[in-house]
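[1] whatever this is, show me its structure:
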Amino acid sequence: MPVDNVNKSKSKGPGHTVRQHSTGMAGRYDSDTDNPLPAAFRSRLHHLFAQIEKEFETVYAENLLLQDKVEGLQERLDAYIAGDKTGVETLDTPDGGVKAKRSASHISQKIKKSYIASTSKLVSSFRQATPAYSVVKDFRGHKDGVWEVNVSKLDHNIIGTASADHTARIWNLETGQCLLQYAGHQGSVNAIRFNPVKDLVVTTSGEGLAHIWSPQVNLPPHEIIRSHSSGEDDLDMSEKEDMADDFPEQTVNNTLRTPSKELIGHHSVVIAADWLNTGDQVITASWDRTAILFDAETGENISTLTGHDQELTEVRAHPAQSLVVTSSKDTTFRLWDFRDPNMPVTVFQGHTQPVTTAVFAGQEKVVSGSDDRTVKVWDLKNMRSPIATIRTDSSVNRLCVSQQNIIAIPHDNRHIRLFDINGNRIGRLPRSNRTGHSKMVCSVAWAEDNTVCNLVSCGFDRKVLGWNINLQVKE
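    Below is the predicted model:
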């Protein structure tokens, strides 16, 4: 499983580096008579600035929590106001009887007065123009947590999902139909990525392998196993009830069990993989602390990338250049440049806890996320410090950046938040008992060219949700 409960030890980040640099300078200034500030005072100032930064981060996190509470109250208010204001509702009693409930109109008016009186100032100070969000598709079928969702680069109506139930699936985004199930792995399928120029997919698993296979439905008959069982018999009654809602589970007709190429070389879980921009090479990332560059056609190991001190968590390739970024539990992410035969490597220490994700944004930026509850935006031309920092209230999982530079951030606390590339908050996707995810959100993917839903999310609740995000509608 991609989620690990290993203790998250802190290592040196930019803050530590700055203080070390200042200390070194202080040692030189002690011998410089032109500097009137004693080393003791400088050290005290550094300590005070660190305390101020810590207090600011605490206040900021509390501010976010308060903002979420205000939004929750507003959502409840909107729900009451939108209800039937003329009818009288009824409630079932524990003994099976029925009693009358006060009219929705009366309740909504009372709630409206009390909430508006207590939250109007907070709402006006926190809430800005908020986009309209709605769940329009629910892709049911996986029998365990879904670790990743990805959109085809050749056909934006096709998405793929990778699940802990040892399978990957190919779906039609508009119809919600499962086109193909891949069952060639013997362990949890941790990632799925589409080739940028060919009709191929790479998946990785807990068995330490990566598989390359074709997502085409029209495969030779001997490679397809017909199955009319959805696997529902494997679920207990509580799980069946959880899935028996407005989006019923569907039958899988096509199951593929044989990959076209098996990539061998890692000694532990392969947590992620991606295609280089040319589409003929695959880069994999593993818990054995290495990344391996493979030839996709022959399966040959071209190069093994070493340097991370702990398990890797993610790998992403640049969409147009031979650049790769790897993330690790060692609190760093690394940029590998395959354009140079010497393959220079740049190490970035921008986080204080495991880096769970790092993706390219456009041609010149990288966005990283971490268990330290921050998302940071970096400029490839000057990667010494982030150009924007987003502080949240929960660990960050595999995020995605749209072509319009909108960052969708999935969290451990079941939320999905949207920010622009400058770190400005856009909004939060709704979450309730029947809307959104009920457990950790593992991954998101933009499908901007799709007319039905332009954002897809998946989580440990086995759900894959298609969202319609309208950034033009304002409240």
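[2] not counting sequence-adjacent ones, nearest residue to the residue most central in space within the chain?
    With distances taken as C-alpha atoms, centre = their mean, residue 398 lies nearest the centre of the chain, 2.7 Å away. Take residue 398 and drop its neighbours on the chain: the residue closest to it by C-beta to C-beta, 6 or more residues apart in numbering is residue 443, 4.1 Å away. Heads up, the C-betas are built off the backbone N, CA and C, glycines and all.
[3] quick one: residues contacting the one you found.
    Going by C-beta atoms under 8 Å, 6 or more residues apart in numbering, residue 443 touches 146-150, 397-398, 400, 410, 457-458.
[4] in three-state terms, label it for me.
    strand (DSSP: H, G, I helix; E, B strand; the rest coil).
[5] relative to residue 426, how far out is it?
    19 Å (C-beta to C-beta, to the nearest Å).
[6] do residue 196 as well
    For residue 196 relative to residue 426 (C-beta to C-beta), the value is 28 Å.
[7] who does the longest helix seen in the chain touch, helix- and strand-wise?
    The longest helix of the chain (DSSP state H) is helix 39-82. The contact analysis (3 or more C-beta pairs under 8 Å, 6 or more residues apart in numbering; DSSP states H and E) places helix 39-82 against helix 14-29, helix 104-126, strand 388-391.
[8] which stretch in those has the least confidence?
    Of all the helices and strands packed on helix 39-82, mean pLDDT reaches its minimum on helix 14-29 (a mean of 37).
[9] hang on, the earlier thing: mind checking pLDDT for the residue nearest to residue 398?
    Reported pLDDT for residue 443: 98.
[10] what does residue 367 give?
    With respect to pLDDT, residue 367 scores 97.
[11] by contact count, what packs against the host helix or strand of it?
    Assigned by DSSP states H and E, residue 367 falls within strand 365-370. Judged by 3+ C-beta pairs under 8 Å, 6+ apart, strand 365-370 is in contact with strand 333-337, strand 355-361, strand 374-379.
[12] most tightly packed of these?
    A comparison of these by mean neighbour count, using mean count of other C-beta atoms under 10 Å, puts strand 355-361 on top with a mean of 25.
[13] next, the angle strand 374-379 makes with that strand.
    Counting by axes from the mean of the first three to the mean of the last three C-alpha atoms, to 10 degrees, strand 355-361 lies at 30 degrees to strand 374-379.
[14] which neighbouring elements make contact with strand 355-361?
    Applying 3+ C-beta pairs under 8 Å, 6+ apart, one finds that strand 355-361 makes contact with strand 312-317, strand 323-328, strand 365-370, strand 400-401.
[15] switch those strands over to CSV; also include mean neighbour count and distance to residue 190.
    Formatted as CSV, the helices and strands packed on strand 355-361 follow (neighbours: other C-beta atoms under 10 Å; distance: least, C-beta to C-beta, whole Å):
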stretch, mean neighbour count, distance to residue 190
strand 312-317, 27, 10
strand 323-328, 25, 13
strand 365-370, 25, 17
strand 400-401, 22, 17
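[16] low-confidence ranges, the stretch 51-200 of the chain, go.
    Residue ranges of the stretch 51-200 of the chain with pLDDT under 70: 74-131.
[17] got any ranges where the stretch 201-350 of the chain has weak pLDDT?
    By pLDDT under 70, the low-scoring segments of the stretch 201-350 of the chain are 217-252.
[18] where do the helices sit along it?
    Using DSSP state H, counting those that start in this stretch, the helices assigned to the stretch 201-350 of the chain run over residues 237-243.
[19] contacts only, for the closest residue to residue 416 other than its chain neighbours.
    In this structure, residue 416 finds its nearest non-sequential neighbour in residue 429, 4.2 Å apart by C-beta to C-beta, 6+ apart. Going by C-beta under 8 Å, 6+ apart, residue 429 touches 133, 415-418, 436, 457, 467.
[20] out of these, grab the one that's most surrounded.
    Counting neighbours by other C-beta atoms under 10 Å, residue 416 leads the contacts of residue 429 with 26 neighbours.
[21] contacts only, for residue 405.
    Residue 405 makes contacts with 361-362, 420-421, as judged by C-beta under 8 Å, 6+ apart.
[22] now those residues in CSV, with distance to residue 181?
    Converted to CSV, the contacts of residue 405 look like this (distance: C-beta to C-beta, whole Å):
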residue, distance to residue 181
361, 32
362, 34
420, 37
421, 36
